[in-house]
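Asks: A predicted structure for the sequence below; I have some questions about it.
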Amino acid sequence: MHVLFVCTGNICRSPTAERLTVAYARERGQELTSSSAGTHGLTGHEMDPDAATVLHQLGGDSDGFVARRITPKIADGADLILTMTARHRDAVLAVAPRKLRTTFTLLEAVALAEASGAQTIAEIADARSRHTVTTLDIDDPYRRELEMYEQIGQQIADAVPRILHLL
């Protein structure tokens, strides 16, 4: 199973989700891979320093991270794509329309799983037609106060374990 996370610049939210997913899956003994990309990825950049600090506080590791931009090939290599906002989800589907059934915002996937009792990715996709999700977006902390990075990091850290049980 390969999970791809997508945000705007690929230096804050999506690498945080990527690296926390790996760390939390390892703790649970789950085998999966995770990566990230940005819709306007700052290709070649490291993680934002504040995002990296928060990631470390939450148990993840930013070492060796390099940002990249989403491409059809990157999207096609993912079994599940989780974006930070509905706009990111739409951007992914513009470059990889065949990924509709496996592309969600992170919060959408969590909400659909909880509302429907879904146990698999396919069940989440099926739940879209039966459940309305209103909270889809995770705000961008970029160039804001450290407290905002911490809030967003915690929001991601709370959502990731809810997704891991589906994988």
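Replies: That came in fine, so what should we check first?
Asks: Now do the helix or strand hosting residue 18: which elements does it pack against?
Replies: Assigned by DSSP states H and E, residue 18 belongs to helix 13-28. In terms of contacts (3 or more CB pairs under 8 Å, 6 or more residues apart in numbering; DSSP states H and E), helix 13-28 is packed against strand 2-7, strand 33-38, helix 49-57, helix 146-164. Heads up, the C-betas are built off the backbone N, CA and C, glycines and all.
Asks: which residues touch it?
Replies: If you take CB atoms under 8 Å, 6 or more residues apart in numbering as the criterion, helix 13-28 is touched by 3, 5-7, 31-38, 47, 51, 54-55, 58-62, 65, 67, 82, 84, 106, 138, 140-141, 152-153, 156-157, 159-161, 163-164, 167.
Asks: Check residue 68 and give its pLDDT.
Replies: Listed pLDDT for residue 68 reads 97.
Asks: show me what contacts it?
Replies: Contacts of residue 68 (CB under 8 Å, 6+ apart): 10, 36-38, 41, 43-44, 74.
Asks: again, only using 7 Å
Replies: 10, 37, 41, 43 (CB atoms under 7 Å, 6 or more residues apart in numbering).
Asks: same check, this time on residue 65
Replies: Taking CB under 7 Å, 6+ apart as the test, what residue 65 contacts is 15, 46-47.
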